[in-house]
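In: Need a 3D model of the sequence below.
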Amino acid sequence: MTGRPRTFDLDEALERAMRVFWRHGYEGTALSDLTAAMGINRPSLYAAYGNKEALFRQCLDRYHRGPARHVREALAAPTARGVAERLLRGTVEVVTREEGPGCLLVHGALATGPGAEGVRAESAARRAAHREALRARFELAVRVGEFPPGTDAAVLADHLATLTYGLAVQATEGLPPAHLHRIAAHALAHWPH
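Out: Numbers count the residues shown, from 1 in each chain. Here you go, the predicted model:
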């Protein structure tokens, strides 16, 4: 016996869920918010995506493939400075979007209660993976002589990651894109070379 066929687009519904989580965070989003935005009922949500936590994880994946793809693209820049520039400029573009200021990965699960440890841990692991990818890229830059001798690639990666997350927080507080771009330009003006 088979169930009824789905009457909604899985990908479109996931996009809508991502935008709700992006705007309200994990705990600020009720299942009723999700079902209303996705245009489905609770049984359909559970059948297609699992529980709220599983849906959030899928939304994080979608966020990285979509709005936050600049992170992956930045890592492919031919120089370490290019990595930093693309990452900072891309971050400002994403965190000042009309869909909701800020970064899903930063504010989506930072403020969660005891029942959401898994979501908080998942977000922290993804941020750590981002810093690790930057560290590896900057270690390569050290080896090929893009930085002065003794440059600490790990500290530089932490610095850049902290700056990008800080831009996301500033965006949620209403700083305009032009101001955030000035912060990014200041950081790039002091980039080691």
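In: what's the helix or strand for Glu73?
Out: If you go by DSSP states H and E, Glu73 is part of helix 69-75.
In: what comes into contact with that helix?
Out: With contact meaning CB atoms under 8 Å, 6 or more residues apart in numbering, helix 69-75 is reached by 64, 82-84, 86-87, 89-91, 93-94, 130, 133-134, 137. Backbone N, C-alpha and C define where each C-beta goes, glycine included.
In: hang on, Arg86 packs against Ala77?
Out: Yes - the pair Arg86 / Ala77 is scored as a contact, 5.3 Å apart, by CB atoms under 8 Å.
In: ok, and what's touching the least confident helix or strand in the chain by mean pLDDT?
Out: Each helix and strand of the chain was given a mean pLDDT (mean pLDDT, DSSP states H and E); the minimum falls on helix 104-107 at a mean of 83. Outside helix 104-107, the residues that touch it by CB under 8 Å, 6+ apart are 18, 21-22, 25, 59-60, 63, 67-68, 123, 126-127, 165, 168-169, 172.
In: wait, which of the residues you listed is closest to Ala184?
Out: For the contacts of helix 104-107, the minimum distance to Ala184 (CB to CB) is 12.2 Å, reached by Ala168.
In: Contacts for the one helix or strand the closest one maps to, please.
Out: According to DSSP H and E, Ala168 maps onto helix 153-172. Residues outside helix 153-172 that contact it (CB under 8 Å, 6+ apart): 84, 87-88, 91-92, 95-96, 101-103, 106-107, 127, 130-132, 134-135, 137-139, 141-142, 147, 179-180, 183-184, 187, 192.
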